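# Okay, sequence plus prediction incoming.
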Amino acid sequence: MQNFHVIILKYLGPTTYRGGRISIKSERFNQRVIIDIKPGELPSKTATRWLNNQGFDIVGLGEGGDVDYVISSTFKPLK
């Protein structure tokens, strides 16, 4: 059985001072980064693009109640 890196995505709605953002949390390394969502783009699309730019190989996506999951075969910290 293959082992994967689970990354949790959580949408953070806009505030009076900021637009929508997304929290990207690595379950393996217990690290979190928050990035701005591009206008008109789905939060999961923004997050997967950011992860790809950081060198993560995305092999799957999953949906939860109030979070989404990215499954990666890359094992490295977010920061």
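Perfect, I can see it now. Numbers count the residues shown, from 1 in each chain.
# what's around the closest residue to P39 other than its chain neighbours, how many residues?
Closest residue in space to P39, ignoring its immediate chain neighbours: G19 at 7.3 Å, by Cβ to Cβ, 6 or more residues apart in numbering. The C-beta positions use only the backbone N, C-alpha and C, and glycine is treated the same way. For G19, the neighbour count with other Cβ atoms under 10 Å is 12.
# So, low pLDDT: which residues of the chain?
Along the chain, the model assigns pLDDT under 70 to no residue.
# Longest strand in it, please.
strand 5-12 (DSSP state E).
# what's that strand in contact with?
Residues from elsewhere that reach strand 5-12 (Cβ atoms under 8 Å, 6 or more residues apart in numbering): 20-28, 34, 37, 43-44, 47, 51, 56, 66-75, 78.
# before we move on, the earlier item: which SS class is the residue nearest to P39?
coil (DSSP: H, G, I helix; E, B strand; the rest coil).
# That one and K38 touch, don't they?
No: taking contacts as Cβ atoms under 8 Å, G19 lies outside contact range of K38: 9.5 Å.
# and stretch 35-44, C-alpha only, in PDB?
Output in PDB follows, covering the C-alpha atoms of stretch 35-44 (Å, rounded to 0.1, in the frame of the first residue of the first chain):
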ATOM      1  CA  ILE A  35      -2.900  32.500   0.900                       C
ATOM      2  CA  ASP A  36      -5.200  34.900  -0.900                       C
ATOM      3  CA  ILE A  37      -7.700  33.400  -3.300                       C
ATOM      4  CA  LYS A  38      -7.600  34.700  -6.800                       C
ATOM      5  CA  PRO A  39     -10.800  36.600  -7.700                       C
ATOM      6  CA  GLY A  40     -13.200  34.300  -9.600                       C
ATOM      7  CA  GLU A  41     -11.200  31.200  -8.900                       C
ATOM      8  CA  LEU A  42     -12.300  28.200  -6.800                       C
ATOM      9  CA  PRO A  43     -10.400  28.000  -3.500                       C
ATOM     10  CA  SER A  44      -9.200  24.400  -4.300                       C
END
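# I am finished for the moment; much appreciated.
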